[in-house]
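1. next come a sequence and a model predicted from it.
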Amino acid sequence: MYDIIILGSGPAGLTAGIYAVRAGRKTLLIGGIRWGGQLMLTTLVENFPGFPNGIQGPELMMNMKKQAERLGVEFLNTEFTQGDFSSRPFKITADGRVYEAKAVIIATGADSIWLNIPGEIQLRGKGVSTCAVCDAFFFRGKDTVVVGGGDSAMEEALVLAKVAKSVTIVHRRDSFRASKAMQDRVLKEPKIKVLWNKEVTKYLGTSHVTGVILKDTKTGKEEELKTDGVFVAIGHKPNTDKFKGIELDAKGYVARKEVNGEDGLLKYRSATSVPGVFVGGDVHDYRYKQAITAAGFGCIAALDADKWMEENK
Amino acid sequence: MAEMTVTDKTFDAEVVKSTILVLVDFWAVWCGPCQMQNPILEEVGKVYDGKVKIAKLNVDENPQTASKYGIMSIPTLMLFKNGAVVKQMIGVQSKETLSDEFNKVITQ
């Protein structure tokens, strides 16, 4: 029996782990096979405080993991298959075993969304990708397309611009929602071209990508664009499918149910619909989605879990 | 030893001519998901020691082999039996998925 089980190994989960063990709680972190989360797919992170020259995303996550391990968090690098929150202790199934805990912190994050259009499944790994950092190397001197308009699309485009012959950003609106700093870098890069008000409706190619069909979102007119690679960065969806009985909000994220104390003041900011289950990071946050806000909420979830256990012995 | 490094030069001898199954991990240092795959490969490598060879190929240092097999995304895992590719997996794979694939091919 553990005091706290943490589901997820991104900034939220690892920070929760650090705070949980420092509060003296026996803590198991079930990290999933893709431990480290979305930062493992990035390069230089310049907005995480404490690193004057920035830090590589994977290195930041490696450091957080080492820190959590050194302080005594137990790790399981496997996927949990089920979370049962219908009775206490809570039961989490992973690796064919059932792990029990008095409190659970959900920090399972969010995963990239694919376009879900014809050709995508067959051409994944054959020119269709969601990780420019991983795969840009294979597109040296080639023509590439990035789909999306947020910060991750900008990062994908900038990574590709270092090696590819050309990068065309295809965006379905007439402006980006990316941060100004990222937009400026993209628009200044001579290799990057932007096609506004266009969406990709089909991939072309059989053994590998040869092009895409673009549709104008205003006129509906379709055209073909030749390309060797398509990098999809249209957003993320929260990883909520494996736990039952936890209330989700209208957008499908884990709903936070803030609990007030008897004095009417906020008591548990990270509470969910099930007492004893807390949440942090991108699985509940559709608004801020930063490494630092995820880490901050991981901390809140661990402090809430600790206090809740103190009061519900 | 369950895990080994292969290169453009040793690929033929160690993978294509291997008498046992070989799982080739196409990876690179800059690839975060490849680092996620590592501990999983170590684990399955131990379980299948003597039955499946885990061969790591750095695509950056060995572009010929990566290009010959049409690698365009990493991590890519390819399972070789008697010199032929019997399974290709793209992205990080779990211990369960890998064990399942090994068992399928071993019992064939």
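-> Now that the structure is in, tell me what you want to look at. Bear in mind the structure is a predicted one, so any value in this text is a computation, not a measurement. Numbering: from 1, shown residues only, chains lettered A, B, ... in the order given.
2. pLDDT at residue B:37, what is it?
-> On pLDDT, residue B:37 comes in at 94.
3. okay, now it: neighbour count?
-> 23 (other Cβ atoms under 10 Å in any protein chain shown). Where C-beta positions appear, they are placed from N, C-alpha and C, glycine not excepted.
4. quick one: contacts for it?
-> Residues in contact with residue B:37 (Cβ atoms under 8 Å, 6 or more residues apart in numbering or on different chains) are B:25, B:27, B:75, B:77, B:92, B:93.
5. strands - which of those land there?
-> Those of these mapping onto strands are B:25, B:27, B:77, per DSSP state E.
6. neighbour-wise, give me the winner out of the contacts of residue B:37.
-> residue B:75 (26 neighbours).
7. what helix or strand is residue A:163 located in?
-> In the assignment (DSSP states H and E), residue A:163 maps to no helix and no strand.
8. no, scratch that, I was asking about residue B:55
-> With DSSP H and E as the criterion, residue B:55 is inside strand B:52-58.
9. quick check, residue B:35 in contact with residue A:40.
-> Yes: between residue B:35 and residue A:40 there is a contact under Cβ atoms under 8 Å: 7.1 Å.
10. quick one, phi/psi of residue A:183?
-> phi -60, psi -40 (degrees, to the nearest 10).
11. thinking residue A:228 is in contact with residue A:141, fair?
-> No: Residue A:228 is beyond contact range of residue A:141, at 9.3 Å (criterion: Cβ under 8 Å).
12. neighbour count winner among these two?
-> residue A:228 (21 against 9).
13. what about the more buried one, distance to residue A:193?
-> 15 Å (Cβ to Cβ, to the nearest Å).
14. what are the ranges of the helices in the chain?
-> This is for chain A. Remark: helices assigned in chain A by DSSP state H are A:11-22, A:57-71, A:120-123, A:132-135, A:151-161, A:180-188, A:291-311.
15. not quite, I wanted chain B
-> Going by DSSP H, chain B shows helices at B:11, B:32-47, B:63-68, B:95-107.
16. let me see the mean pLDDT of the shortest one.
-> Helix B:11 shows a mean pLDDT of 98 in the predicted model.
17. then stretch B:79-90?
-> Here stretch B:79-90 scores 96 as its mean pLDDT.
18. give me the contacts around it.
-> The contact list for stretch B:79-90 (Cβ under 8 Å, 6+ apart) reads A:124-125, B:15-18, B:21-24, B:69, B:73, B:75-78, B:97, B:101-102, B:105.
19. how far away from the center of its chain is that stretch?
-> Chain-centre distance of stretch B:79-90: 8 Å, with Cα atoms, centre = their mean, to the nearest Å.
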